[in-house]
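K.L.:
Need a 3D model of the following:
(one chain, ligands or ions: 1)
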Amino acid sequence: MNRWNTQHDYYAEVESDAASAVKETGKWGMSADVSDHLHEMADSMVIYTAKAHSIMRHSREHNAAYDQGMMEGKTFESSGESATYSAYFAYYQDLATAFYAIDEEDALVILEMFKCPNCSDIFNNEEGGMMEAHYRPETVCHGCQEDLLEEDEDIRAADESDQG
Ligand SMILES: [Zn+2]
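P.N.:
Reported below is the predicted structural model:
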């Protein structure tokens with residue numbers, strides 16, 4: 001999409017770009033290499049002048065370049081050049097805000113990952129097991145599943161001997 005019709009459309013794309021950044025980096029939250037990645041995305045976002053103008057129309061951060069003191073001593077040869085420069089900062093700011101708003105829970109959904117509630121290790125979804133044992137109906141990793149099933153067996157055996 002080269003232009004957005006509404007601010008809503010623009011921010012929908014910013015959010016999906018932020019999710020892509022999580023997918024591409026495998027990370028969420030603040031870090032230096034993630035910031036580099038976001039800057040690269042901003043670079044490629046403003047290649048087309050039409051898109052840069054559209055960012056400047058829809059972004060709530062259209063003053064970002066001024067706010068960050070990046071306009072000091074700057075002169076531009078055309079309105080297109082000025083829009084491209086300013087849109088870079090506006091889009092980066094929007095993208096970074098959307099990216100850092102993605103918490104661990106959201107990130108794991110985006111990455112199709114699973115955090116074991118028992119050992120707190122993170123796995124691919126396929127590696128996550130489903131505890132179907134009566135005593136602990138929760139989803140845990142396979143390693144924990146084996147341990148917990150064994151514990152459940154012990155609990156069950158103790159229950160049965162109580163009843164017997
Ligand atoms: Zn586990």
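K.L.:
measure the residue lying closest to Gly26 once chain neighbours are set aside to the ion for me?
P.N.:
Excluding the flanking residues, the one nearest Gly26 by C-beta to C-beta, 6 or more residues apart in numbering is Leu111, at 6.6 Å. (Each C-beta comes from the backbone N, C-alpha and C, glycine too.) Summarising the geometry, the distance separating Leu111 from the ion, computed by C-beta to the ion, to the nearest Å, is 17 Å.
K.L.:
ok, Leu111 touching Ser20?
P.N.:
No. The pair Leu111 and Ser20 fails to qualify as a contact (C-beta atoms under 8 Å) at a distance of 11.6 Å.
K.L.:
so which helix or strand takes in Phe114?
P.N.:
Following DSSP states H and E, the helix or strand that holds Phe114 is strand 113-115.
K.L.:
And Thr97, by the same measure?
P.N.:
If you go by DSSP H and E, Thr97 is part of helix 79-100.
K.L.:
Could you list every helix and strand in contact with that helix?
P.N.:
helix 7-25, helix 32-45, helix 49-58, helix 64-67 (3 or more C-beta pairs under 8 Å, 6 or more residues apart in numbering; DSSP states H and E).
K.L.:
With mean pLDDT as extra columns, can I get the ones you listed in JSON lines?
P.N.:
As requested, the helices and strands packed on helix 79-100 are arranged in JSON lines below (pLDDT from 0 to 100):
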{"stretch": "helix 7-25", "mean pLDDT": "96"}
{"stretch": "helix 32-45", "mean pLDDT": "93"}
{"stretch": "helix 49-58", "mean pLDDT": "95"}
{"stretch": "helix 64-67", "mean pLDDT": "96"}
